[in-house]
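*Asks:* need a 3D model of the sequence below.
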Amino acid sequence: MDEISFKKGAEGYVAEYTSEGRTMVQIQGVKSGRLSISQFIDTMEPVSMDTVNFTNSVIEINVPAGMKVRLLSDVEVKKVKALVIKDTAAAGGGGGGESYVLPKASDSALGGIQTGYSESSKNYAVRVDGSGKAYVTVNWTDTTYTNATSGTPGLVKQGAHVTDATGSEDAHTVLNKLIDELEKAGVLASA
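*Replies:* Numbering: from 1, shown residues only. Sure thing, here's the model as predicted:
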């Protein structure tokens, strides 16, 4: 709600609106006048709450959200601005109204989390930066592997293809080619 509009009626200048809760209203009249403030439930008769004198005044209207508010002025109203006061933590205010409980975050619901987890094994804590954005630091090192040796595991490359023995070649020749390729690939240690 930002502005409240008044219309000339039989009783004076009238404005009606649905309350959004506690509201500060600044009202400016053409001249000094009286403002009657009433509240009511839709389709019921207005019930008088207060009457104030005004020219350029700030008035608090504390009517529960959802109720109707009726303002009646005996003089022409130039301008009215309204500011809803958010009392509850849920509404972004400073509290003092209804209490609000932040739900726990889950797979199916938005909610709050708590930082401070102690890292264990491969589970890492969520942290929050200066802007309030969450991140996870994964501790790792860039491991460099060396070629395998007869005493140390390591990288092994694929050896070249050795053709099958056909019977026309000596089995020792084919076996020696295979051993040579395995040594070149690092699968077998060189002699």
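*Asks:* can you tell me the SS state at L182?
*Replies:* Under DSSP: H, G, I helix; E, B strand; the rest coil, L182 falls in the helix class.
*Asks:* do the same with T149
*Replies:* coil.
*Asks:* residue contacts, it?
*Replies:* Taking C-beta atoms under 8 Å, 6 or more residues apart in numbering, we find T149 in contact with A189. C-betas here are computed from N, CA, C, even on glycine.
*Asks:* tell me how far it lies from K184.
*Replies:* With the distance defined as C-beta to C-beta, to the nearest Å, T149 ends up 14 Å from K184.
*Asks:* and if you look at P46?
*Replies:* 99 Å.
*Asks:* which one of these two has more residues nearby?
*Replies:* P46 (16 against 13; other C-beta atoms under 10 Å).
*Asks:* quick one, helices of this structure?
*Replies:* Assigned helices in the chain, in chain order: 171-185 (criterion: DSSP state H).
*Asks:* what residues of the helix or strand bottoming out on mean pLDDT in the chain count as buried?
*Replies:* Least confident element among the helices and strands of the chain, by mean pLDDT, DSSP states H and E: helix 171-185 (a mean of 83). Within helix 171-185, the residues that qualify as buried are K177, L178, E181, L182, counting by 16 or more other C-beta atoms under 10 Å.
*Asks:* neighbours around the closest residue to the second one other than its chain neighbours, how many?
*Replies:* Once flanking residues are discounted, L178 sits nearest to V162: 4.7 Å by C-beta to C-beta, 6 or more residues apart in numbering. Using other C-beta under 10 Å, V162 is surrounded by 15 other residues.
*Asks:* likewise Y117?
*Replies:* Y117 has 12 neighbours, counted by other C-beta under 10 Å.
*Asks:* now G167
*Replies:* Applying other C-beta under 10 Å, I find that G167 has 6 neighbouring residues.
*Asks:* where does it land on pLDDT?
*Replies:* Looking at G167, its pLDDT reads 73.
*Asks:* what sits up against the least confident helix or strand of the chain?
*Replies:* Here helix 171-185 makes contact (C-beta under 8 Å, 6+ apart) with 156-165, 188-191.
*Asks:* with distance to E20 added, can I get those residues in TSV?
*Replies:* Formatted as TSV, the contacts of helix 171-185 follow (distance: C-beta to C-beta, whole Å):
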residue	distance to E20
V156	73
K157	73
Q158	73
G159	79
A160	81
H161	81
V162	85
T163	87
D164	87
A165	92
L188	83
A189	83
S190	85
A191	90
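*Asks:* just give the nearest non-adjacent residue to the most centrally placed residue in the chain, would you?
*Replies:* Ranked by distance to the mean C-alpha position of the chain (C-alpha atoms, centre = their mean), the top residue is L110 at 7.7 Å. Spatial nearest neighbour of L110, chain neighbours left out: P103 (7.7 Å); criterion: C-beta to C-beta, 6+ apart.
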